[in-house]
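Visitor: Got a predicted structure plus its sequence, pasted below:
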Amino acid sequence: MQRAELPPWWARTTVYQIYPRSFLDTNGDGIGDLPGIVRKLDYLQDLGVETLWICPFYGSPQQDLGYDVSDYDAVAPEYGTRDDVRRLLDEAHARGMRVVADMVLNHTSIEHPWFRESRSSRTNPKRNFYLWRPGRKPGGKAPPNNWRSLVGPRGWHWDERTQEWYWASFLPFQPDLDYRNPEVQEAMLGVVRRWLAFGFDGLRLDIFHALFKDERFEDNPFSTRLLPTEDDPDGFLQSYRRTLHHPETIAFARTLRRVVDEFQDPPRFMVGEVFGQPSELRRYCEGGDGLHSVFLFKAMRAPFTAAGFRELVLEFEREMPAPLVPTWVFGNHDRSRRGERLGYHPEREKLSVAVQLTARGIPFVYYGEEIGMRDLDLPLATAKDPLARMYRFLPDIVARKLHAAGVLLNRDACRTPMQWSAAPNAGFTAPGATPWLPLHPAAETTNVEAEERDPASILHCYKRLLRLRRTRPALQAGALELYPEHVLPPEVLAYRRTFGDDVATVLLHFDDATRRVRIPGDGHVPLASTYPAPLPIREGEAVLRPYEALILGR
Ligand code: NOJ
C-alpha cells in the first residue's frame, strides 16, 4: 500500500457522544456518572469508536442538565469528582481512545458567581461580564430591542434590582457572557487551557455561533419563517442576522484555535455547534486556522433516498472540500433519534449507519444509536427538560405533532437511560433505584445484551463497519468520488473512496426490493455489508438486498 501521509487523528476519527446522566449509574442514585463511563470503556472499545464526547459534567444547578455551568473547574457531585475525570482520561487513553469535553462558552448559569456579582449592582466590577442594557419606554420597562432567543421568546430579561435587562441567547437562567470584554475572553480561554492541560483531546463548542451579537444592538429584521431548523436558525418571524454568525464570532474561532494549538502531542480538536447552511458554516473552518470542523445537521433532514443523499454528499463535498472535513450527525441530545425519522426500520437504520461511516467526514454516534434506541413520548408537564417546561402550556397533542414534523420540544424523549440489558432498569441503574428518566419500554428487547447475540442487529452492523473503517485509510481519509447517476439504478447511490493505493467502493441501496446491479470496473471483492455477510460478486454483478449497503475493495 502506498504510504501517503494520513491527516491528523481528528480528521479520521469516529466520535461517540455520551450524555453522562443517561449512560450508566454506578451508585444507585438513578443518575449516570463518570465511573459509569469508565466501566463501559471496554464496551466502547469493542464497539470500535475512537473518540468520546462527554456532555457537560461541570458544577451546575442542572437547570439545563449541565449546559448551565456555575463552576467550570468543578465536577458536579452527581457525576463524580475531578479524580473520576482523571481516571476516565487515563483509562480511555490507555485504550488508545481520545476524549472531547463539551465547552459552554456562550453563557454561564445564573448562579455562576460572576453573574451573582454582575447583577448585584450597576457598578460591580463583573457588571460588564454580561450584556446589560437599559430598556426602552419610560421606566425602561420595554426590552432594549426586538431580539428573540434561540428558543422563541424574547431573550432579554428584566432585573428588578438594577433596573436593566440582561441578554440570554437560550433560556433565562443562562445569561450570555460579553465576549467584547477582554477579561471575559481571558477568563474563558483560561478555562479552555485548564481542561486541555488536564488531558482532554478536544472540545465540542456549545452554540458557538451565538458568541458575539451586534454591537449597536439594532433590531433583527422581520422574517416569514415560523420555526427554526437545523440548517436555518431564522424563525419566530425573525431573521437572526444581528444575534448569530457575527463576523467577530468567526474571528474568535481563530483566537480560540491559537490557544488550542498551544497544546500538541496530540494536536487538539474543536467541533462547533453552529446552525445554518453548510455554505455559511464553512466560514468557521476555512483557511485551516479556525475550528477544525462544525456539525452539519442537514443529514437529519435529508430525504432518505439515493437522490436525497446524493445531493447531500455533493453539497458537503462542495462546501467542505478537503482538507476541510464534514461531519455526519443523525442524532444528539437535542433531536429526535435517528430511528424516529426512519420509521424504526432496522435495515433503513443500518443503511444510514453505512452512510455515516463510509462517506467522507467525521461520524458522530449518539449513545444508544448503535442499538436503535427510540424516542420516548413523555408529557410536557412533568418534563425534566427546561425547554419542555417552558412550553408546558401547549397540549401534548401539539408537542406530538411537532415531534412528528421533526421539532422536539421535550428533549427528554431522546435522553432516556441507555439500554444495556433486559434486566430491571435495563442495567442502567440498580434494580430498585428510580432512574432520572423512565426507561423506554422497548428496553426489554432493544438492548446491548440482546443485540450482542444477534449478528443481524444494528449493533453488529456498527461493529463490522467500524472495524472495517479502522483498517482502511480510504474510508478514514480518502477522497470521495460519486459514480455518475446513469451508471447505476436510481435507487442506488455509489461512491468510491481513495487514499493512496487503498480504494473502497460503497453501494447504498435505498429501496426495499432485491436488485441485481452491474458494478463499474472490475476486480471488486466484497469487504462488508449492512447484512451479517455480503453476497459474492458474480461476473461483475452484485445482488443488493433491501436497504443493503455493500462495501467493496480490490
Ligand atoms: C445546545 C445544547 O446542545 C443544548 O442541549 C443546550 O440546552 C443549549 N445549547 C444551551 O446550552
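Guide: That came through, no problem. Residues are numbered from 1 along each chain as shown.
Visitor: Distance-wise, check Lys401 relative to Arg411.
Guide: Distance, Lys401 to Arg411, by CB to CB, to the nearest Å: 17 Å. C-betas here are computed from N, CA, C, even on glycine.
Visitor: which one of the two has more residues nearby?
Guide: Arg411 (22 against 12; other CB atoms under 10 Å).
Visitor: Pull the contacting residues for the residue nearest to that one when sequence neighbours are not counted.
Guide: Distances taken as CB to CB, 6 or more residues apart in numbering put Asp385 closest to Arg411, at 4.4 Å, once the chain neighbours are dropped. Counting by CB atoms under 8 Å, 6 or more residues apart in numbering, Asp385 touches Leu65, Asn410, Arg411, Asp412, Arg415.
Visitor: do the same with Val38
Guide: Contact analysis of Val38 by CB under 8 Å, 6+ apart lists Asp84, Arg87, Leu88, Glu91.
Visitor: Out of those residues, which is nearest to Ala210?
Guide: When these are ranked by distance to Ala210 (CB to CB), Leu88 comes first, at 28.8 Å.
Visitor: any idea whether the closest one is helix, strand or coil?
Guide: Following DSSP: H, G, I helix; E, B strand; the rest coil, Leu88 is assigned to helix.
Visitor: and stretch 5-20, which residues are buried?
Guide: Buried residues in stretch 5-20, counted by 16 or more other CB atoms under 10 Å: Trp9, Trp10, Ala11, Arg12, Thr13, Thr14, Val15, Tyr16, Gln17, Ile18, Tyr19, Pro20.
Visitor: What is the nearest of the residues you listed to the ligand?
Guide: Tyr19 (9.2 Å; CB to the nearest ligand atom).
Visitor: Gly368 is in contact with the closest one, correct?
Guide: No: the pair Tyr19 / Gly368 is not scored as a contact, 9.0 Å apart, by CB atoms under 8 Å.
Visitor: one step back: over to the residue nearest to Arg411: give its phi and psi.
Guide: phi -70, psi 120 (degrees, to the nearest 10).
Visitor: With pLDDT, distance to the ligand and secondary structure as new columns, can the buried residues of stretch 5-20 be given to me in CSV?
Guide: Formatted as CSV, these follow (pLDDT from 0 to 100; distance: CB to the nearest ligand atom, whole Å; DSSP: H, G, I helix; E, B strand; the rest coil):
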residue, pLDDT, distance to the ligand, secondary structure
Trp9, 98, 24, helix
Trp10, 98, 20, helix
Ala11, 98, 23, helix
Arg12, 98, 25, helix
Thr13, 98, 20, coil
Thr14, 98, 20, coil
Val15, 98, 15, strand
Tyr16, 99, 16, strand
Gln17, 99, 10, strand
Ile18, 99, 13, strand
Tyr19, 98, 9, coil
Pro20, 98, 13, helix
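Visitor: what about Leu459, which SS state?
Guide: helix.
Visitor: Share the number of residues neighbouring it, please.
Guide: Other residues lying near Leu459 total 22 when counted by other CB under 10 Å.
Visitor: Please identify which helix or strand holds the residue nearest to it when sequence neighbours are not counted.
Guide: Closest residue to Leu459 apart from its sequence neighbours, by CB to CB, 6+ apart: Glu451 at 3.7 Å. Assigned by DSSP states H and E, Glu451 belongs to helix 448-452.
Visitor: if I look at Arg86, how far off is the ligand?
Guide: According to CB to the nearest ligand atom, to the nearest Å, Arg86 and the ligand sit 25 Å apart.
Visitor: Verify the stated contact: Ala302 with Phe309.
Guide: Yes: at 5.9 Å, Ala302 and Phe309 qualify as touching, with contact defined as CB under 8 Å.
Visitor: For the ligand, what's its nearest residue on the stretch 151-300 of the chain.
Guide: Here the stretch 151-300 of the chain gets closest to the ligand at one residue, Phe170, 4.2 Å apart by CB to the nearest ligand atom.
Visitor: who's in contact with that residue?
Guide: Neighbours of Phe170 in contact, by CB under 8 Å, 6+ apart: Asp64, Tyr67, Asn106, His107, Ser149, Leu150, Val151, Ile207.
Visitor: Now do the contacts for the residue lying closest to the first one once chain neighbours are set aside.
Guide: Nearest non-adjacent residue to Asp64, counting by CB to CB, 6+ apart: Pro386, 5.4 Å away. If a contact means CB under 8 Å, 6+ apart, then Pro386 has Gln63, Asp64, Leu171, Phe173 as its contacts.
Visitor: Domain map for the chain?
Guide: Domains of the chain are assigned by automatic domain parsing as 13-108+181-459, 113-167, 477-553.
Visitor: Distance check, the spatially most central residue of the chain against Gly288.
Guide: The chain has Asn332 as the residue nearest its centroid, 4.9 Å off, counting by CA atoms, centre = their mean. Here the criterion is CB to CB. By it, Asn332 lies 26 Å from Gly288.
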